[in-house]
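Chemist: coords please:
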Amino acid sequence: MKDVYRTCMGCAHCVVSVSRGTRRGCLHHVGVLALASPGGAWDASRRPRHRAYRGCGRPGALMVDAEAGLHNPLRFALLLSNFGSVMTWGVVSLSVFMVIALATAVLDFMKKKVPGWLELAGALTALCVAAYTGALLGVCQTYPLWNNALLPVLFTVSALSAGAASVLLVAVVRHVDEFNKAGVLKKFHFCLPIIEMLLVASLCFITAFNSTAGFESVMSLVAGEWSAWFWLGLVFVGLILPTALETWLLFFSSKEFEESRKAHWISFASDAGVLIGGFMLRYLVVMAAVPLTFVM
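Modeler: Numbers count the residues shown, from 1 in each chain. Presented below is the predicted three-dimensional model:
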């Protein structure tokens, strides 16, 4: 577990990708990732009938679906043709991070020391990968829930939290001795769901008073179609329960109990809740967004 700290920010990026391609029509600007997203293939027949979808069409946001990518893979190279595009920078960051992660894994497997410059580069690209999804959604100016400066910050904090939870969750199962020594990571991870709660509340508050579509988006989260998933899946399971459990383990339990196997499994449940919350956050942000409507 000696090398897990430098990669914890990137561990949860798979959570970002799973929910990215699920919303019909309005997510065609990220259709290039449909191959990695179950049910994410874009169908042109699902395009919104109003003209709000044009706000998604920033220059450089290559719109391809799974079928086009399979038939002509070289089209993916066009993603690198416009460095004024958020998607281009996301592809670059993700590609560089994957190369660094692979190199680090090879060095670890060979029992060789990972150079400090490689660790720093991995940490920087991991931060970029964590933040760029929120920036990519923010390009859609017609969706108030997405077009918000807090979204990249929220996704970054959530990715940090989910990455640390992944590391600790695996440590409970495979590296018990090192789990008991990871006090700094545990306390760092304890703060993240609290920060995430504040950011979620701020995002909802700002969006609700932004426009009618923003108000409808927030209402669908807190009191509408997605309210059960929001309050139970995200708020309770993903934020409140992990915070309560970790508060008890870190500050109100004895040292002996904290290092017991029972406490380890309680921490395992807490970290699993964080991962569920990380997925629910991204899924709900995508699904609950209501577009601005232009009357022609």
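Chemist: Which of the helices or strands spans residue 105?
Modeler: Using DSSP states H and E, residue 105 maps to helix 86-109.
Chemist: continuing past that helix, what's the next helix or strand?
Modeler: Heading C-terminal from helix 86-109 (DSSP H and E), you reach helix 116-138.
Chemist: Please point out which parts of that following helix sit buried.
Modeler: 119, 121-123, 125-138 (16 or more other C-beta atoms under 10 Å). C-betas here are computed from N, CA, C, even on glycine.
Chemist: swap in stretch 78-93?
Modeler: Within stretch 78-93, the residues that qualify as buried by neighbour count (16+ other C-beta under 10 Å) are 79, 85, 86, 87, 88, 89, 90, 91, 92, 93.
Chemist: quick one: that stretch to chain centroid distance?
Modeler: Relative to its chain's centre, stretch 78-93 lies at 19 Å (C-alpha atoms, centre = their mean, to the nearest Å).
Chemist: what's the first-to-last distance across it?
Modeler: 16 Å (C-alpha to C-alpha, to the nearest Å).
Chemist: Look up how far residue 236 lies from residue 72.
Modeler: With distances taken as C-beta to C-beta, to the nearest Å, residue 72 is found 45 Å from residue 236.
Chemist: Comparing the two, which residue is more hemmed in?
Modeler: Per other C-beta atoms under 10 Å, whichever of residue 72 and residue 236 has more neighbours is residue 236, with 15 against 10.
Chemist: Going by neighbour count, which residues in stretch 244-258 are buried?
Modeler: Residues of stretch 244-258 classed as buried by neighbour count (16+ other C-beta under 10 Å): 245, 246, 249, 258.
Chemist: For the longest helix seen in the chain, enumerate the helices and strands it packs against.
Modeler: Across the chain, the longest stretch assigned as helix under DSSP state H is helix 261-288. Judged by 3 or more C-beta pairs under 8 Å, 6 or more residues apart in numbering; DSSP states H and E, helix 261-288 is in contact with helix 13-20, helix 116-138, helix 150-174, helix 176-181, helix 183-208, helix 212-222, helix 241-247.
Chemist: Report the mean confidence score over that helix.
Modeler: Helix 261-288 shows a mean pLDDT of 95.
Chemist: Kindly report the same for stretch 220-236.
Modeler: Stretch 220-236 shows a mean pLDDT of 95.
Chemist: Between its first and last residues, what's the separation in that stretch?
Modeler: 17 Å.
Chemist: Can you list the neighbours in contact with it?
Modeler: With C-beta atoms under 8 Å, 6 or more residues apart in numbering as the test, stretch 220-236 has contacts from 197, 200, 204, 276, 277, 280, 281, 283, 284, 287, 288, 290.
Chemist: quick one: secondary structure of the last one?
Modeler: Which is residue 290. Assigned with DSSP: H, G, I helix; E, B strand; the rest coil, residue 290 falls in the coil class.
Chemist: What about it, how many residues nearby?
Modeler: Neighbour tally, residue 290, other C-beta under 10 Å: 22.
Chemist: mind checking how far the host helix or strand of residue 256 is from the chain centre?
Modeler: Using DSSP H and E, the element containing residue 256 is helix 255-258. The chain centroid and the centroid of helix 255-258 are separated by 32 Å under C-alpha atoms, centre = their mean.
Chemist: what's in contact with that helix?
Modeler: Contact partners of helix 255-258, identified using C-beta under 8 Å, 6+ apart, comprise 180, 249, 250, 263.
Chemist: quick one: contacts for the second one?
Modeler: This points to residue 249. For residue 249, the contacting residues are 258, 263, 266, 267, 270, by C-beta under 8 Å, 6+ apart.
Chemist: Dump those into a markdown table; add distance to residue 145 as well.
Modeler: Below are those laid out as a markdown table (distance: C-beta to C-beta, whole Å):
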| residue | distance to residue 145 |
| --- | --- |
| 258 | 39 |
| 263 | 38 |
| 266 | 34 |
| 267 | 33 |
| 270 | 28 |
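Chemist: Name the nearest of those residues relative to residue 158.
Modeler: residue 270 (15.4 Å; C-beta to C-beta).
Chemist: what about that closest one, how many neighbours?
Modeler: Count around residue 270 with other C-beta under 10 Å applied: 23.
Chemist: I'd assumed residue 247 was in contact with it.
Modeler: No - contact criterion C-beta atoms under 8 Å: residue 270 and residue 247 do not qualify, at 10.1 Å.
Chemist: and for these two, which residues touch both?
Modeler: Contact criterion C-beta under 8 Å, 6+ apart; residues shared by residue 270 and residue 247: none found.
Chemist: how about the nearest residue to residue 128, chain neighbours excluded?
Modeler: Nearest in space to residue 128, with sequence neighbours left out and distances taken as C-beta to C-beta, 6 or more residues apart in numbering, is residue 93 at 3.8 Å.
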